[in-house]
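Asker: Got a predicted structure here, sequence first:
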Amino acid sequence: MKPVPQSPAPLAVVKPWQQWILLLGCSVLVAGALEFVHLPAALLVGPMLVAIVIGSNGATVRVPKALFVSAQALIGCLVASSISTGVFGVFFAEWPLFLGAAVATVAASSFLGWFISRLKVLPGTTAVWGSAPGAATAMVLMADAFGADARLVAFMQYLRVILVSVTAAIVARLWVDTSGVEQAAVVWFPAIDWPAFGAMLAVAVGGGTLGHLLRIPSPYFVGAMVVGAIVHLGFGVEMQLPEWLLATGYALVGWSIGLSFTRPILRHAARALPQVVGSIAALMAFCGLLAWGLHHLLGVDPLTAYLATSPGGMDSIAIIAAAADNVDLSFVLTLQMLRFLIVLLFGPALARLVARAIRE
């Protein structure tokens, strides 16, 4: 019996320029809708979702490597510019508390990554990077550099960002009425501050090039981040990252991840969904217990403790914390940033350790 010939995927016969128009148009619409409902990371999640649908239906277009590495360097500059010198004073005032809470959360997330991999839901390093409670985009970029499946890492990271951010907003609403607080309007096309904009470009190009020459993992992201942090913190140089440029970088990263999805990968992600949601819920519950301990044992305000220990969605958590008058914003941001830096520094070693433990 002859096999039944399969019809080509719908978009496989569409011309590349038409695929790009479809990708761009749908991405603008979906990202705009997600921004309208204040979904976390909408400018990245929207284009990524569109790219997943288009990619799994036979699209042949791919983001050029030069644009993708430029987007990575841009994200590195964003991370570097978000580190404030103020967090160091807050940290040194109570460093055992911050360090203990951050290490406990990272240890719990690593255990959950190990547990998921032991269940053979996801490969070891993929599970560890996907469970890491750091900045989602940074984790996806670094995971790809260390051999993990960036598609499944992105699936885990952004699902957790959404669930954690929505839960944190609900918890904050139970404590304090934020209905009258409006977010500042986004200025998409601000006036260009040429010294600050030029500094950002120089850091992106110079840091990315240096990272590539030194052959460090995720060279363009890490190189730009390290050079940017030195320039920003050490010399007080400001870097301007206009919203239109950030949106472009987010879209490029989202497209690069989404277009590589295939139908078998989607089926695998769907099968893993219950276990992934369970691990996210377990990590959120652990962080809730950690917040309870900070409140009852050390007297930290309960809402401050909860927002500070929330595992991910740092930008969204900062907005929620800023909207509540009784929250210690510096405490929240210091703990969130410290945990992110720990994952950034020790994430590769943790991934290798867990992968080795699984093999043994």
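Answerer: In hand now; what should we look at? Residues are numbered from 1 along each chain as shown.
Asker: so Val277 touches Leu159, yeah?
Answerer: Yes: with contact defined as CB atoms under 8 Å, Val277 counts as touching Leu159 (7.4 Å). Quick note: C-beta positions are derived from backbone N, CA and C, even for glycine.
Asker: Please say which of these two ends up with more neighbours.
Answerer: The neighbour comparison of Val277 against Leu159 (other CB atoms under 10 Å) goes to Leu159, with 19 against 14.
Asker: Distance-wise, check Val164 relative to Tyr250.
Answerer: In this view, Val164 and Tyr250 are 19 Å apart by CB to CB, to the nearest Å.
Asker: Work out for me the element Leu122 sits within.
Answerer: Per DSSP states H and E: Leu122 is located in neither a helix nor a strand.
Asker: Do I have it right that it meets Leu152?
Answerer: Yes: contact criterion CB under 8 Å: Leu122 and Leu152 qualify, at 5.9 Å.
Asker: Mutual contacts of the two, please.
Answerer: 130, 272 (CB atoms under 8 Å, 6 or more residues apart in numbering).
Asker: How far does the helix ranked longest in the chain sit from its chain's centre?
Answerer: Assignment by DSSP state H gives helix 263-298 as the longest helix of the chain. In terms of CA atoms, centre = their mean, to the nearest Å, the centre of helix 263-298 is found 15 Å from the chain centre.
Asker: Let me know the next secondary structure element after the helix-or-strand element of the chain with minimal mean pLDDT.
Answerer: Using mean pLDDT, DSSP states H and E, the weakest-scoring helix or strand in the chain turns out to be helix 314-323, at a mean of 65. Later in the chain than helix 314-323, the nearest helix or strand by DSSP H and E is helix 329-359.
Asker: While we're on the most centrally placed residue in the chain, how confident is the model there?
Answerer: For the chain, the residue sitting closest to the mean C-alpha position, by CA atoms, centre = their mean, is Ala136 at 1.4 Å. For Ala136, the pLDDT comes out at 70.
Asker: And for the one 10 residues further on?
Answerer: The predicted structure scores Phe146 at 75 on the pLDDT scale.
Asker: Could you report the neighbour count for it?
Answerer: With other CB under 10 Å as criterion, Phe146 counts 18.
Asker: Isn't it up against Trp129?
Answerer: Yes: contact criterion CB under 8 Å: Phe146 and Trp129 qualify, at 7.3 Å.
Asker: Pull up the overlap in contacts between these two.
Answerer: Joint contacts of Phe146 and Trp129 (CB under 8 Å, 6+ apart) are Ala351.
Asker: Done for today, thanks.
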